[in-house]
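Enquirer: Provided below are the primary sequence and the corresponding predicted coordinates.
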Amino acid sequence: MFGLEPHVLVLLLLCLVAACAFEFVNGFHDTANAVATVIYTNTLRPWVAVIWSAFWNFIGVLTGGIGVAMGIVYLLPVESLVDQNIYHGIAMVGALILAAIIWNVGTWYYGIPASSSHALIGSILGVGIAFSLLPDSGGAAVNWSKASETGVALLVGPLFGFTLTILLMFVLKRFVRNKAIFKEPHKRKPPPLWIRLILVATCTLVSYFHGSNDGQKGVGLVMLILIGIVPTFFALDNAKNPLDMRVSLAQVEMVVNKINPEELSAKDKADLVLVKQQTAALDQIFAGRTDVNKLPQSERFQIRKAILLTYSRAKNIMASEKVSLSTADRKTYDDAITNMRSFTDYAPWWVLLMVSLSLGVGTMVGWQRIVKTIGERIGKEHLTYAQGASSELVAAIMIGASTWAHLPASTTHVLSSAIAGSMVANRGIKNLNPQMVRNIAMAWVLTLPVTMFLSGGLFLLFRALI
């Protein structure tokens with residue numbers, strides 16, 4: 001299979017199983033947030049709720065695109081993504097998967113709604129920083145531009161979730177005359193039909209958007225595994241003909257050649273030289289080729305490497321206002337490089353299916369611990385119908401917006417913050433349970449540094465062993 005040695009094939013399969021395990025853990029850890037309100041309010045029976053949520057998570061992964069997935073992949077420095085050494089790839093993906101799973105299982109065991117997103121991102125950052133400590137890394141650490149975008153998205157989500165839920169609760173209190181929606185759920189009876197429909201709708205939305213966002217993180221993880229361990233086979237989208245990018249390559253070269261090196265800083269000058277070297281390398285690979293079947297697998301990886309390095313090095317140059325390019329030239333470049341990246345930014349259909357199944361099955365297991373925390377422990381009072389519906393609606397909107405912007409969102413952070421906001425809207429800040437809020441906040445604060453330390457240490461250990 002893929003021409004791999006038996007022991008490497010075994011390691012590949014183990015890494016894929018571990019990635020599925022991460023998504024499985026993500027399912028019963030994070031997706032409990034989606035079913036918490038419908039179960040706690042007796043809107044749906046637990047087994048109906050988890051199967052319903054699992055189905056919509058599955059659909060979310062399949063239809064959510066791969067924008068967030070590629071954002072996860074490109075948190076790592078380009079240099080680590082164009083390393084063709086299979087054992088280095090195994091060390092990288094093995095370290096980050098193990099670190100994320102260890103933290104996820106630990107927080108789930110204690111019923112703390114920690115973020116699977118933060119765990120995975122922290123693990124990736126830890127590997128990136130550890131990679132920079134290696135003598136052959138060239139000093140590359142983390143794609144800090146992408147990391148800062150991700151950090152802002154993960155910070156803004158909970159703040160908006162908290163604030164918008166408070167506002168929505170005030171609106172409901174002002175305009176909804178039927179006060180049944182503000183009562184504590186009956187322990188045995190389901191709520192009125194109209195409340196049930198609202199709660200089921202919000203549960204469905206959170207489940208779908210969770211799949212479309214968190215599921216993509218699993219897709220990104222699997223692509224890291226495939227690119228790291230089988231780089232020649234998964235370097236480019238096999239459904240596309242690499243020779244078709246020659247027109248876009250010519251457009252990139254045309255625009256790059258219009259850049260005056262004298263306008264650039266010393267670093268940008270060096271990057272411009274590298275960009276021209278990479279586009280020339282692509283010209284050499286494509287020269288005289290008319291049949292894609294005559295393109296060796298090893299050269300497919302070289303194409304990937306050239307595209308990624310070209311994009312990475314040209315990004316800051318093209319963004320500079322000091323570079324005297326017309327608006328039309330900049331648009332030509334953006335369209336051309338986007339087309340070229342469509343050959344590298346992809347995920348096979350079977351990866352989407354594998355991740356969606358893992359997430360869906362995980363949803364149906366182990367949800368009880370987190371449901372109890374969401375329903376009873378964040379605030380000093382039991383969750384009401386209005387609090388459940390408003391929290392889930394806000395969470396769905398925030399996660400959906402993040403997916404649209406190709407940014408990761410933490411379902412746990414957003415929904416927990418929204419629940420906290422609904423409690424504050426009822427009786428003020430004193431209505432929060434300080435001990436549980438402290439535990440959740442501690443998990444949020446510790447997730448990044450702990451997973452970074454774990455993954456970085458494991459990566460350096462694995463690299464030393466190979």
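Expert: It's in.
Enquirer: next one: the helix with the most length in the chain to chain centre, how far?
Expert: Taking DSSP state H as the criterion, the chain has its longest helix at helix 193-229. Centre-to-centre, helix 193-229 and its host chain are 10 Å apart (C-alpha atoms, centre = their mean, to the nearest Å).
Enquirer: for that helix, buried residues please.
Expert: For helix 193-229, burial by neighbour count (16 or more other C-beta atoms under 10 Å) applies to 195-196, 198-200, 202-229. Every C-beta, even on glycine, is put in place using the N, C-alpha and C of the backbone.
Enquirer: contact partners of the strand or helix carrying residue 246?
Expert: Assigned by DSSP states H and E, residue 246 falls within helix 246-257. Contacts with helix 246-257, where a contact means C-beta atoms under 8 Å, 6 or more residues apart in numbering, come from 272, 275-276, 279, 282-283, 286, 310, 314, 325, 329-330, 332-333, 335-337, 339-340.
Enquirer: contacts only, for residue 387.
Expert: 169, 419, 422-423, 426.
Enquirer: mind running it again at 10 Å?
Expert: 37, 41, 165, 168-169, 172, 181-182, 184, 375, 378-379, 381, 418-419, 421-423, 425-426 (C-beta atoms under 10 Å, 6 or more residues apart in numbering).
Enquirer: please indicate which of these are buried?
Expert: Burial by neighbour count, judged by 16+ other C-beta under 10 Å, picks out 37, 41, 165, 168-169, 172, 181, 375, 378-379, 418-419, 421-423, 425-426 from the contacts of residue 387.
Enquirer: so which of those belong to helices?
Expert: Going by DSSP H, the helices hold 37, 165, 168-169, 172, 418-419, 421-423, 425-426 from these.
Enquirer: can you redo the residues you listed as TSV with distance to residue 152 and pLDDT?
Expert: Output for those, formatted as TSV (distance: C-beta to C-beta, whole Å; pLDDT from 0 to 100):
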residue	distance to residue 152	pLDDT
37	28	77
165	20	91
168	23	91
169	26	90
172	30	87
418	19	85
419	23	82
421	20	84
422	25	83
423	26	82
425	26	84
426	30	77
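Enquirer: centre of the chain to the helix holding residue 246, how far?
Expert: So, by C-alpha atoms, centre = their mean, the centroid of helix 246-257 is 31 Å from its chain's centroid.
Enquirer: buried stuff in that helix?
Expert: 248-249, 251-253, 255-256.
Enquirer: how about stretch 265-281?
Expert: Quick answer for stretch 265-281 (16+ other C-beta under 10 Å): 268, 271-272, 275-276, 278-279, 281.
Enquirer: what does it contact?
Expert: With C-beta under 10 Å, 6+ apart, stretch 265-281 has contacts from 249-250, 252-253, 256-257, 259-264, 299, 302-303, 305-318, 320, 322-323.
Enquirer: again, only this time at 6 Å
Expert: Applying C-beta atoms under 6 Å, 6 or more residues apart in numbering, the external contacts of stretch 265-281 come out as 253, 256, 261, 306, 309-310, 313-314, 317.
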